[in-house]
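Engineer: Provided below for reference: sequence and predicted model.
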Amino acid sequence: MLDTARSEDAGVVTTLELRPRSGFVHTQSVEAITKRALAYLKAGFSVHFRGPAGTGKTTLALHVAALRGRPTVIIVGDEDMMTATLVGNQQGYHYRKVVDAYIHTVTKTEETADKRWADHRLTTACREGQTLVYDEFTRSRPEANNVLLSVLEEGLLVLPAQNQDEPYIKVHPEFRTIFTSNPQEYAGVHDAQDALGDRIVTIDVGYADRDLEVAIAAARSGLAPAKVAPIVDIVREFRETGEYDQTPTLRASIMICRLMAQEKLRATIDDRQFVEVCIDILGSKSALSNKADGKHEQQQKMLLSLIEHHCPGQPALKAVSVKKA
């Protein structure tokens, strides 16, 4: 949960004071990962949560950062990320004008303009001992992250040559970094350099078990776990089919459940709007979405079959014939 935010240098640095989210779902598996991550951070190591989309890596990273009780800064990896984006650069000018009128008949004017150095997020975090959450760091080019090597190993942040007054700073002993990455994505993702991976502890985060997914979907939608369970089962079974381009994750379950709560939908094949919501959210992820070759109808039938199996309608009344004696 976000408590306060502090901005510096016209938005260049934003520091967050995080508190654990009140609705955060605690299970034995989540507690185990959290405990291990905090132990590594306490020992002086940085942590890397690695896993596919929808496994809660970022939420877990922010939760662990909040438990540290230190101010937090967040960076999101990007193809255009450069070292200056992490460390800082020279922004604007500092003007100085001196007018010498010691002799009343002579006026001497001297003007100077010096560039002003501005720290960015990594430098601020290193100075003040903050927790840096570097989300999807493999989306940044490896050369942009090279500056982290000396930070994590030698405890020194080497600043660019433009900052002539301060060639490097000593990293605060409480500084830590929590990385996240998705190894399954291929578009816009770079391989992490071995030198950086050798300096951090990687924890693989997989898809949650059924009980955890039900608990999270219930907490995020406000519905009772019993109403959420069939939706989670639909999404999980769809995920097991492998018939999709984009993996259906817990986010799909949360979307459907929140629409159910908002629109007061019934989780049954008889509720047309409920079925349409499921088709909208899950159908777009399927690999069988090409209408030209007739596979679109196959997709619809598959999803309708899953919905009917987990959310059946009212049994039809059957005529009963009575034989006369």
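Structural biologist: Thanks, I have it.

Engineer: got a list of what the residue most central in space within the chain touches?
Structural biologist: Closest to where the C-alpha atoms of the chain average out (CA atoms, centre = their mean) is T58, at 3.3 Å. Counting by CB atoms under 8 Å, 6 or more residues apart in numbering, T58 makes contact with V133, D135, T180. Every C-beta, even on glycine, is put in place using the N, C-alpha and C of the backbone.

Engineer: can you tell me the element it falls in?
Structural biologist: helix 57-68 (DSSP states H and E).

Engineer: hey, C-alpha coordinates of that helix in CSV?
Structural biologist: Output of helix 57-68 as CSV, limited to C-alpha atoms (Å, rounded to 0.1, in the frame of the first residue of the first chain):
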residue,chain,number,x,y,z
LYS,A,57,6.3,-10.9,-9.3
THR,A,58,5.8,-7.1,-9.1
THR,A,59,3.3,-7.3,-6.3
LEU,A,60,5.6,-9.6,-4.4
ALA,A,61,8.6,-7.3,-4.9
LEU,A,62,6.7,-4.3,-3.6
HIS,A,63,5.4,-6.4,-0.6
VAL,A,64,9.0,-7.4,0.3
ALA,A,65,10.2,-3.8,-0.2
ALA,A,66,7.5,-2.6,2.2
LEU,A,67,8.5,-5.2,4.8
ARG,A,68,12.0,-3.8,4.8
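
Engineer: picking that back up, from the contacts of T58, which land in strands?
Structural biologist: The strands, defined by DSSP state E, take in V133, D135, T180 from the contacts of T58.

Engineer: got the CA coordinates for whichever strand or helix holds S305 in PDB?
Structural biologist: Following DSSP H and E, one finds S305 within helix 295-310. Extracted C-alpha coordinates of helix 295-310, given in PDB (Å, rounded to 0.1, in the frame of the first residue of the first chain):
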ATOM      1  CA  LYS A 295     -11.100 -22.200 -36.100                       C
ATOM      2  CA  HIS A 296     -12.900 -19.300 -34.400                       C
ATOM      3  CA  GLU A 297     -16.000 -21.500 -34.000                       C
ATOM      4  CA  GLN A 298     -13.800 -24.200 -32.500                       C
ATOM      5  CA  GLN A 299     -12.600 -21.700 -30.000                       C
ATOM      6  CA  GLN A 300     -16.100 -20.600 -29.100                       C
ATOM      7  CA  LYS A 301     -17.200 -24.200 -28.600                       C
ATOM      8  CA  MET A 302     -14.200 -25.000 -26.400                       C
ATOM      9  CA  LEU A 303     -14.700 -22.000 -24.100                       C
ATOM     10  CA  LEU A 304     -18.500 -22.600 -23.900                       C
ATOM     11  CA  SER A 305     -17.800 -26.200 -23.000                       C
ATOM     12  CA  LEU A 306     -15.500 -25.100 -20.200                       C
ATOM     13  CA  ILE A 307     -18.100 -22.600 -18.900                       C
ATOM     14  CA  GLU A 308     -20.900 -25.100 -19.000                       C
ATOM     15  CA  HIS A 309     -18.800 -27.700 -17.200                       C
ATOM     16  CA  HIS A 310     -17.800 -25.500 -14.300                       C
END
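
Engineer: which other helices and strands contact it?
Structural biologist: helix 225-241, helix 272-283 (3 or more CB pairs under 8 Å, 6 or more residues apart in numbering; DSSP states H and E).
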